[in-house]
Every structure is written in C-alpha cells, then in structure tokens.
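*Asks:* just to be clear, the model below is a prediction. Sequence and coordinates:
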Amino acid sequence: MNLRLRLTLLGVGAMNSLRFAPAGLLLRCARQRVAFDGGPGAEPPPGRLAGWLVTDEQAELRSALRRSASARGVRIRAGDLDLGTVRVRRTVRVRCLPVEHTSHPAYGYRIEAGGHVVVWAPEFWEFPEWAAGADLMFAEAAAWNRPIRFRGGVGGHASVHDVADRAVRLGVRRLVLAHIGRPTLRAIDAGARPPFGEWGVEGRTYSLGFTAPDS
C-alpha cells in the first residue's frame, strides 16, 4: 500500500516574532491529520485532527493553543501517538522524546513511517541524539552563531551553526530550520546562509513517500 507523509509548516517563528507566526507543523497521511505546536496565525486549517501535540506544556502560548484545540474537538498534550488506516494498523508512529531546553520538561517528536524518520524539535539547548539518521528534521534556529543562554543557566537555544554541525555529524539527511529568532533574522537580512540545511518557509509542504504493509 503506497502512502505519502505530508508535513506542512504552519509557522517558523520564535516567541514574539514580528515577521513569522509561531513554529508549528501539520502532519497528514491518508485521511489522518496531526498538529504540532503553532499558535495564533499558525493554526491548522479546519477539519478533524487525530491529535494536537506540543513540545512544551508550560509554554507561554498554551492558553491560546488550548482554545484553538478545543474548538477542533481535541486537547493539547505532550505524548506518543499511533496513526493507522482501516486496512493498515500503526501506519505512522509518533514518539515524544525529551530534549534539553529549560528548567521544566520539554520534548521533540520522532515520526516513523515505512522506514523513514522525520523529527520535529523546534526548541532545544542540546541537539537531541535521538534525531540521528533522520531523513528530515525541523529544528531550532533561534540563535545564529552563538547560543542563547537563559537567565540562571537553566537552558536556552542552540545556535544555527551548532545545530547544523551536529546534524551533519549525526547523519541527518535534510535539515529545515523552523524556529527563527531575532539573531537569525539579522543574519538572514544580511544574506547569510546556514552551514548546512535550509530556512523553513511558512506554508511549504515537505513530502515522503513510503509503502505500508497490509494488515
């Protein structure tokens, strides 16, 4: 059974971005849809959702996300999710895995389908080792050439340069930078390019085809 995993960026901005909507992703496979993060201006289009997963249950946008999710009949949460079709069981496996980011628990997602791996990890201080070998990774891009450290030394944001270096070392095939902060915006405006990877584009869809075994 031939299927296609479609991943659309709903937004690519860091918190309080003046240029982009909050970083968010919509996963579609067959008739199933799952939203990841997002916020005002980065909500999934109308239609049924199998889930709305977040990387930080204590994020500043949580109230807005809860309202949007409730209007679509789901609730936001951090956790695993298995998707399937009538004929195929567990076509897509979504795994919630920890990342080092701040003083409270934060997560990223490893999406597995037909031997392919997609990673959604828009915020982290340390590059997640569990992203190794991903076919496609949507990653942190708040800082440009120096990491951003939170007050009190409780985490922060990795720099684009560090993210690109670790992605190459860990065999990530395609890196899409999808949580763009002010230092990175200044670099973009100056014509800079990441050492590896590409800037995420709001509304762009990234696709992976795969074959799922019949049940």
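*Replies:* That came through fine.
*Asks:* mind listing the helices for the chain?
*Replies:* 62-71, 160-169, 182-189 (DSSP state H).
*Asks:* ranking those by burial, who's on top?
*Replies:* Most buried of the helices of the chain, by mean neighbour count (mean count of other C-beta atoms under 10 Å): helix 160-169, with a mean of 20. No exception for glycine: its C-beta is placed from N, CA and C like everyone else's.
*Asks:* could you give the angle of that helix to helix 182-189?
*Replies:* Between helix 160-169 and helix 182-189, the angle comes out at 80 degrees (axes from the mean of the first three to the mean of the last three C-alpha atoms, to 10 degrees).
*Asks:* tell me which of the helices of the chain approaches residue 33 most closely.
*Replies:* Within those, the stretch nearest residue 33 is helix 62-71; the backing value is 12.7 Å (C-beta to C-beta).
*Asks:* pLDDT of that closest one, averaged?
*Replies:* For helix 62-71, mean pLDDT is 94.
*Asks:* same question for stretch 154-162.
*Replies:* Averaging pLDDT along stretch 154-162 yields 94.
*Asks:* same deal with stretch 131-140?
*Replies:* Computed over stretch 131-140, the average pLDDT equals 98.
*Asks:* now the helices of the chain in a markdown table, with distance to residue 142?
*Replies:* Output for the helices of the chain, formatted as a markdown table (distance: least, C-beta to C-beta, whole Å):
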| stretch | distance to residue 142 |
| --- | --- |
| helix 62-71 | 19 |
| helix 160-169 | 9 |
| helix 182-189 | 7 |
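*Asks:* per-residue pLDDT, the residue lying closest to residue 179 once chain neighbours are set aside?
*Replies:* The shortest distance from residue 179 to any non-neighbouring residue, by C-beta to C-beta, 6 or more residues apart in numbering, is to residue 122 (3.9 Å). The confidence metric pLDDT takes the value 98 at residue 122.
*Asks:* quick check, residue 122 in contact with residue 180.
*Replies:* No: the pair residue 122 / residue 180 is not scored as a contact, 9.8 Å apart, by C-beta atoms under 8 Å.
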